[in-house]
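Asker: coordinates only, sequence not included:
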């Protein structure tokens, strides 16, 4: 039986990030549907992940946000693996030991979907690059599926990412931005393939539909909002005010129930957090009976809920993925650079790019929401064909993934030329006739991306400059301390010399004084003798 080691940003017992979990869950299903395979999942909380997904699980190697410790950690792990434990100095309970063993015993390594190759989250880059280098060390193929690259790859990370992409079997890009950027960062050796986000093909089961039956009794809108703007130009307070305004106006003008569904929160028995708390605040401020903050749902339960929605709206990326897959119209709201790139890519894949709007464009958002709710059947008919074609492509994509990593049931891994990459059709763009300023909104989205990149690079340059200034200051402090010690030693030596000279002088003075005394004494004796001779009788001389 084939064995594969896989990593996803999943498996936390106190926090459930619905989109990341959905991509990993689909990857597990896709592998199992195509071949007999044993999966070892690298997860945040291995025991919790094992209970959720029914696979073998192990802990992450573990990296931090600081680069210098990460480089040292990666070098130790690789040295340990290369020397079979003779070098590297890993503790007996170091989780890296288990990861090394898993990769050594696997047929391939798979990096499951996400936007983790981003210098804002440097620990994710080092975790994945280390996995890739371990796979290469042991002669195992590794591949990446359902990825967003960047948009921030700092200069100090580029070489790592270049080597990582160049040595991979392939990278699955989930938007055109990543396709272009990966070719730039990964060079000619990188094999880039287009696909939809892996969560696109996640399916609801009967038990999932039953679990949300209490939420679908009245016509409703699914709204999913991230808890903060994460933007250098939009404050969290203004962002929250826009969400409250949009929610209130949609509830009033459509008359539909708005279900505020969290994408990041705590599944019971974990305490509510992040999106859940934000949704509760919005409900309290809007104060309308048709605005409801829902419990935390699993990914499959949200798929089931989305299938029945009038439309979907939100600042959460995977809200649009689930809607596009279900053939349900959606409006994506952009607060920041990262959201803009991903949301425009996801919308482009099914023809909904004109329905991606800046979160500040409240009036156009509300008009678009009202228009979509009144034309729901028209949009659903248009999206149904795109969704069906994307699902068929996605099935071919996973045939391709399995063939190029662990091989098919025969056990033979086919050559690259024998398994062609799946195609990727161009979806016809649907017009947003409800947007009163489409050109201005497109320009604003582009400005969010360009200005966001500019500010991010500036902030990085400032951070690097501050770090260098800190290092120079520390070097000066060390130098000054060294000079102070040297000056102190010189002073001590000088004082010792002075004291020595003083002692020598005192000894010299004492010796001189004694000699003078002796000399005076001698002179006095001679003088006395001369006096005696001068006073003696004349005959005495004879």
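Answerer: Received the coordinates, thanks. All figures in this text were calculated on a predicted structure; none of them were measured in a lab.
Asker: What sits closest to residue 192 if chain neighbours are left out?
Answerer: residue 182 (4.8 Å; CB to CB, 6 or more residues apart in numbering). Where you see a C-beta, it was placed from the backbone N, CA and C, and this is true even at glycine.
Asker: what do you get for residue 334?
Answerer: Spatial nearest neighbour of residue 334, excluding adjacent residues (CB to CB, 6+ apart): residue 340 at 4.5 Å.
Asker: The one you found: how many residues sit nearby?
Answerer: 23 (other CB atoms under 10 Å).
Asker: For it, which residues are in contact?
Answerer: Residue 340 makes contacts with 334, 356, 445, 448-449, 452, as judged by CB atoms under 8 Å, 6 or more residues apart in numbering.
Asker: helix or strand for it, which one?
Answerer: helix 337-348 (DSSP states H and E).
Asker: Tell me which helix or strand comes right after that helix.
Answerer: That would be, after helix 337-348 and using DSSP H and E, strand 356-358.
Asker: same for that following strand, what does it pack against?
Answerer: Here strand 356-358 touches strand 330-334, helix 337-348, helix 362-374, helix 438-535, going by 3 or more CB pairs under 8 Å, 6 or more residues apart in numbering; DSSP states H and E.
Asker: Please list the outside residues in contact with the third one.
Answerer: By CB under 8 Å, 6+ apart, the list of residues contacting helix 362-374 from outside reads 221, 242, 245-246, 249-250, 253-254, 256, 310-311, 313, 329, 331, 333, 355, 357, 359, 379, 432-437, 441.
Asker: and what of the shortest one?
Answerer: With CB under 8 Å, 6+ apart as the test, strand 330-334 has contacts from 246, 311-315, 317, 319-320, 323-324, 339-340, 343-344, 346-347, 352, 355-359, 365, 368-369, 372, 445, 448.
Asker: Low-confidence stretches in the stretch 351-500 of the chain?
Answerer: The stretch 351-500 of the chain contains residues with pLDDT under 70 at 408-419, 459-460, 463-464, 467-468, 470-471, 484-488, 490-492, 494-495, 498.
Asker: from the chain's centre, how far out does the helix or strand where residue 381 lies sit?
Answerer: For residue 381, the host element (DSSP H and E) is helix 376-405. Put simply, helix 376-405 sits 28 Å off its chain's centre (CA atoms, centre = their mean, to the nearest Å).
Asker: roughly how far apart are the residue nearest to residue 192 and residue 262?
Answerer: 31 Å (CB to CB, to the nearest Å).
Asker: Backbone dihedrals for residue 153, please?
Answerer: Dihedral pair for residue 153: phi -120, psi 100, per degrees, to the nearest 10.
Asker: so who does it touch?
Answerer: 117-119, 161, 181, 185.
Asker: Generate a ChimeraX selection restricted to the buried subset of the contacts of residue 340.
Answerer: A single ChimeraX command suffices to select whichever of the contacts of residue 340 are buried according to 16 or more other CB atoms under 10 Å:
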select :334,356,445,448,449,452
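Asker: I'd assumed residue 329 was in contact with residue 376.
Answerer: Yes: applying CB atoms under 8 Å as the test, residue 376 and residue 329 come out as touching, 6.6 Å apart.
Asker: okay, those two: which has more neighbours?
Answerer: residue 329 (28 against 16).
Asker: That one reaches residue 311, doesn't it?
Answerer: Yes: using CB under 8 Å, residue 329 and residue 311 qualify as a contacting pair, with a distance of 4.6 Å.
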